[in-house]
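Participant: pasting the structure only:
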């Protein structure tokens, strides 16, 4: 369903997801509404958890399709297992990030399932493929309107195209909604907050209670830097060499859970890792959240981790020239340093959270708002 571009704050549901509330919300009477949700990488698995619960609460049937863009067990299966998430109803197991291949497989699935809407998250190739495969159906985009201004990034191009194709645009904040209005998108714009805030409230306390990762690594809360480097631009050999050099100059010990792509480049190019950096295998969500929420500083090229750092109250150093999460920079909680070793080292040493930081990206009830919008707007809803 397409409507005139306008902004609304959708009404929240009757129950808020609490920090320790990991149990599914009770489902109301089933309806004829069916949502086909496309996920493909680890952040999307986490984001989907609170929204899947909220959809069930609204009585909406959800069919989750895992494209297999992330297929390594350390990047995929472990998240469903440790968080007790429902396994995807359909696992395509494509083991590729090629948009055309993913879209072709998803198109067949959409044709078979005939959903009332195709729901996609974020800016990955699975997101773009899902939006393309949903041609002829309403597409719902969660995290709509985010822009870094850097069109050299495939994620930025994906965001713009997915928003152009979407009928429901669920924006995390008013800035994103204004961008969508400026681009004259044809879908309905709803400012709902960020579903990742819902997930952090739901899982972060659980992570600190259950995880023993700090003890296993021999680090103390507030006495280490958590680093992640995985974006395609940053694993080019010379950029990665410069980033590693900058991280190695930190006065703190640096813990670097390495994406398989990053580890492969380090080994293949013989990039020397300073002794202050501990490179470890990718972590499950609970261990990673335990580290992130108790680090002194987070140094990253991840978009999602920038905002998570803000919610955790941990200062962030972003090793990119731009960010889609501009408000974290404006608040003084995040600094952009690109791949400059000196700037990386200085920013880590100077990083502090600002006093009196404002609430950003919602109140932890985005999933309820999204489910309420879809429940009201989609055809087939029972009275």
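Facilitator: Received, thanks. Keep in mind that this is a model prediction, so the values were computed, not measured.
Participant: use CA for all of it now, contacts and neighbours both
Facilitator: OK.
Participant: How many neighbouring residues does residue 197 have?
Facilitator: Neighbour count for residue 197, taken as other Cα atoms under 10 Å: 23.
Participant: And it, its phi and psi?
Facilitator: Residue 197 adopts backbone torsions of phi -60, psi -40, taken as degrees, to the nearest 10.
Participant: residues touching it, list them.
Facilitator: 308, 311, 361, 362, 363, 364, 366 (Cα atoms under 8 Å, 6 or more residues apart in numbering).
Participant: for those residues, which one is nearest residue 254?
Facilitator: For the contacts of residue 197, the residue nearest residue 254 by Cα to Cα is residue 308; the value is 18.3 Å.
Participant: Pretty sure that closest one sits against residue 200.
Facilitator: Yes. With contact defined as Cα atoms under 8 Å, residue 308 reaches residue 200; the gap is 7.5 Å.
Participant: ok so, going back, okay, and which of the contacts of residue 197 map to helices?
Facilitator: Using DSSP state H to define helices, the subset of these located there is 308, 311, 366.
Participant: so what's the last one up against?
Facilitator: Just to be clear, that refers to residue 366. Per Cα under 8 Å, 6+ apart, neighbours of residue 366: 12, 192, 193, 194, 195, 197, 198.
Participant: How about residue 343?
Facilitator: Residue 343 sits in contact with 246, 337, where contact means Cα under 8 Å, 6+ apart.
Participant: Need the residue closest to the centroid of the protein.
Facilitator: For the chain, the residue nearest the mean C-alpha position is residue 43 (4.2 Å; Cα atoms, centre = their mean).
Participant: Not counting its neighbours along the chain, what's nearest that one?
Facilitator: residue 304 (7.6 Å; Cα to Cα, 6 or more residues apart in numbering).
Participant: give me the number of residues near residue 268?
Facilitator: Neighbours of residue 268 under the rule other Cα under 10 Å: 10.
Participant: For residue 226, give me phi and psi.
Facilitator: phi -100, psi 130.
Participant: With residue 113 instead?
Facilitator: phi -80, psi -30.
Participant: hang on, the earlier thing: for the contacts of residue 366, which one is nearest residue 342?
Facilitator: The closest of the contacts of residue 366 to residue 342 turns out to be residue 197 (Cα to Cα; 32.3 Å).
Participant: separation between the closest one and residue 350?
Facilitator: Using Cα to Cα, to the nearest Å, one obtains 26 Å as the distance from residue 197 to residue 350.
Participant: again, but for residue 217
Facilitator: Applying Cα to Cα, the value for residue 217 to residue 350 is 24 Å.
Participant: and what of residue 241?
Facilitator: 22 Å.
Participant: For residue 342, which residues are in contact?
Facilitator: With Cα under 8 Å, 6+ apart, residue 342 has these contacts: residue 246.
Participant: Setting aside sequence-adjacent positions, which residue approaches residue 279 most closely?
Facilitator: residue 256 is the one closest to residue 279 (Cα to Cα, 6+ apart), at 4.8 Å.
Participant: Can you classify that neighbour by secondary structure?
Facilitator: strand (DSSP: H, G, I helix; E, B strand; the rest coil).
Participant: Can you give me the neighbour number for it?
Facilitator: 21.
Participant: Partner strands of the helix or strand residue 141 falls within, with direction?
Facilitator: Here residue 141, judged by DSSP states H and E, is contained in strand 139-142. Next to strand 139-142 in the sheet, as set by DSSP bridges, lie strand 117-121 (parallel), strand 168-171 (parallel).
Participant: average pLDDT for the longest one?
Facilitator: This points to strand 117-121. Averaged across strand 117-121, the pLDDT comes to 98.
Participant: hey, where'd the strands end up in the stretch 251-383 of the chain?
Facilitator: Assigned by DSSP state E, counting those that start in this stretch, the strands in the stretch 251-383 of the chain fall at 253-257, 277-280, 297-300, 316-318, 334-336.
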